[in-house]
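Peer 1: next input, structure requested:
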Amino acid sequence: MGGGIMMWSAAGDTDIAAESVIALIGFAAGVVLASVNAVHARHNESRRQRAERAGDALVDFMRGIAENAQYRGRLYGAGPAVTAARAAELEDRITESLVLVSSAKARLATYGNAEAGRILAAIERDGGFVGSDPVAQRRLSELVAALRAELRLSGNLKAEEIRDVLFGPPRGPSSA
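Peer 2: Below is the predicted model:
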């Protein structure tokens, strides 16, 4: 055929169409895979941030409880030797520690898992946390264990082991 016009056969058109479909499917699969990976990464990052916030809240909770006990001991354990100015300062510190504990409890309820929330509610129903109360120590240890389980830490510690780490081993017949 003259004039430089190229003729395509029906078989040639089919080959080009098949290659186009294959390329389009490959591109679509890549887009879908990238989207799934992005959603998965976003979910993991969100979960990591919630777990980090819950962990920070737990540390603040423990610190607030420890500070509260320390300041109460200084205020009420020294008897009349505490001056009015020192008593006012210690009362302010006690209030600050209670604010820290309250803030931490709110963050634990918000960012912790359901089991952590149930344990925290049980602690509150029992009158809050008193450091020497073996039941409160056990429940707080269960709270830590629940948060560790949510973090999916390998080789999770048992609540009893966590209690021993936080408070020392139980002493005496009244220990739970």
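
Peer 1: now the phi/psi pair for Asn113, please.
Peer 2: Taking degrees, to the nearest 10, you get phi -80, psi 180 for the backbone angles of Asn113.

Peer 1: wait, it sits on Leu151?
Peer 2: No: the criterion here is C-beta atoms under 8 Å, and Asn113 misses it with Leu151 at 9.6 Å. Just so you know, the C-beta spots here come from the backbone N, C-alpha and C atoms, and that holds for glycine as well.

Peer 1: which parts of stretch 119-136 are buried?
Peer 2: Applying a neighbour-count criterion of 16 or more other C-beta atoms under 10 Å, the buried positions in stretch 119-136 are Ile119, Leu120, Ile123, Phe129, Asp133, Pro134, Ala136.

Peer 1: turn these into a markdown table, including distance to Leu98.
Peer 2: Converted to a markdown table, these look like this (distance: C-beta to C-beta, whole Å):
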| residue | distance to Leu98 |
| --- | --- |
| Ile119 | 20 |
| Leu120 | 16 |
| Ile123 | 15 |
| Phe129 | 11 |
| Asp133 | 17 |
| Pro134 | 23 |
| Ala136 | 16 |
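
Peer 1: in those residues, which has the lowest confidence score?
Peer 2: Lowest pLDDT among the buried residues of stretch 119-136: Phe129, with 75.

Peer 1: pretty sure Asn68 sits against Val101.
Peer 2: Yes: taking contact to mean C-beta under 8 Å, the distance of 6.8 Å between Asn68 and Val101 places them in contact.

Peer 1: identify, from the buried residues of stretch 119-136, the entry nearest to Ala146.
Peer 2: The shortest approach to Ala146 among the buried residues of stretch 119-136 belongs to Ile119, at 6.1 Å (C-beta to C-beta).
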